[in-house]
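A.B. asks: with the sequence up front, the predicted model follows.
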Amino acid sequence: MLTYSDWQDISKRIEQATHSAFNATDIQTVSGGCINTAYTIQGNNKRYFIKLNHARFIHMFEAESSGLAEILQTNTIKVPQPILSGIINEYAFLVLEHIDLTPTNQHSDIQLGQQLAALHKKPQPFFGWHLDNTIGLTTQINKSKEHWPSFWQTNRLNVQLTLAKNNGANSKLIETGEELSNALPLFFTSYSPAPSLLHGDLWSGNTSMTKQGLAIIYDPACYYGDRETDIAMTELFGGFSPHFYAAYNEYYPLDSAYPTRKILYNLYHILNHFNLFGTSYQQQAQNMIDSLLSEIY
């Protein structure tokens, strides 16, 4: 891991990035992440949050930093301010503003719904983004497209199906998945989404509340896409509170066919889990594909 001199080097880089004196006097590991090693670094009455991984993942940290900066610029919802990213020896690192977090409550859930809706309402120029990034450790292709169904088919569903085939998925999953991909425009015959800036990985583990009572989101995988994809993922792993959904829908109501499309959008994440973690997700993915095909035949 990093040596004392490495941490001193990072301290100097923080000084340069913030134009403020900083010398690390206390470094603590932080638990909770499954992809990166995390630390808090403190000195000069300042504290920062640092993610660490192998140097080959620097692009992941650069994309995360860019996403956080873009969300910040919308002035809609709180995210940690990115300070800098870089490489030291064989490690990539990302330095973020340190924020003390506390469990959410009804007020922060309502605030999150309202502010996420405000983020989604900001007009964006195209579907995609200026960088590819990662969803988990899987590369997320963000090549721009004018039409949303084409973007989702090419850059999301087909990518995961190809990975699944390479990772040993059974032939039924691949064949029915490809059938679904070819039929994908049928889910958009009366719905034409506008591009929204998305968090991109919005499950409950990536949201919280500050000690000041502000809703906050972090660990984004940003791109411009259908806002329904963010809402769909909030329902995938346990769901958010009813206060969140009521607040969001009051400010920016969802389309009546969202309950069907959310299965399509969450299929992407379940296939990604299959590709990252193995066959325990294969049957869930198959059930989702079968459900979607039953809607159109």
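C.D. replies: All right, it came through fine. Numbering: from 1, shown residues only.
A.B. asks: where's Leu96, which helix or strand?
C.D. replies: Counting by DSSP states H and E, the element that carries Leu96 is strand 91-97.
A.B. asks: er, Tyr224 actually
C.D. replies: strand 223-225.
A.B. asks: outside of that strand itself, list whatever touches it.
C.D. replies: Strand 223-225 is contacted by residues 124-129, 133, 140, 142, 148, 151-152, 193, 195-198, 200 when judged by C-beta atoms under 8 Å, 6 or more residues apart in numbering. For glycine as for every other residue, the C-beta is placed from the backbone atoms N, C-alpha and C.
A.B. asks: derive a ChimeraX selection command for the buried subset of those residues.
C.D. replies: Selecting only the buried entries of these in ChimeraX, with 16 or more other C-beta atoms under 10 Å as the criterion:
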select :124,127,128,129,133,140,142,148,151,152,193,195,196,197,198,200
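A.B. asks: which ones among the contacts of strand 223-225 map onto helices?
C.D. replies: Mapping the contacts of strand 223-225 onto helices (DSSP state H) picks out 148, 151.
A.B. asks: who is Lys46 paired with across the strands?
C.D. replies: Judged by DSSP bridges, the bridge partners of Lys46 are Gly43.
A.B. asks: you'd agree it is up against Thr25?
C.D. replies: No: the criterion here is C-beta atoms under 8 Å, and Lys46 misses it with Thr25 at 10.4 Å.
A.B. asks: who has more neighbours out of these two?
C.D. replies: Lys46 (16 against 10; other C-beta atoms under 10 Å).
A.B. asks: packing partners for the strand or helix carrying Tyr48?
C.D. replies: For Tyr48, the host element (DSSP H and E) is strand 46-54. Applying 3 or more C-beta pairs under 8 Å, 6 or more residues apart in numbering; DSSP states H and E, one finds that strand 46-54 makes contact with strand 37-43, helix 58-73, strand 91-97.
A.B. asks: just name the most buried of these.
C.D. replies: Neighbour counts (mean count of other C-beta atoms under 10 Å) averaged over each of these peak at strand 91-97, with a mean of 21.
A.B. asks: report the rounded mean pLDDT for that strand.
C.D. replies: The average pLDDT for strand 91-97 rounds to 98.
A.B. asks: ok and it relative to strand 46-54, angle-wise?
C.D. replies: For strand 91-97 against strand 46-54, the angle by axes from the mean of the first three to the mean of the last three C-alpha atoms, to 10 degrees is 150 degrees.
A.B. asks: and the contacts of strand 91-97?
C.D. replies: 2, 6, 10, 13-14, 17, 41, 48-58, 60-61, 64-65, 68, 80-87.
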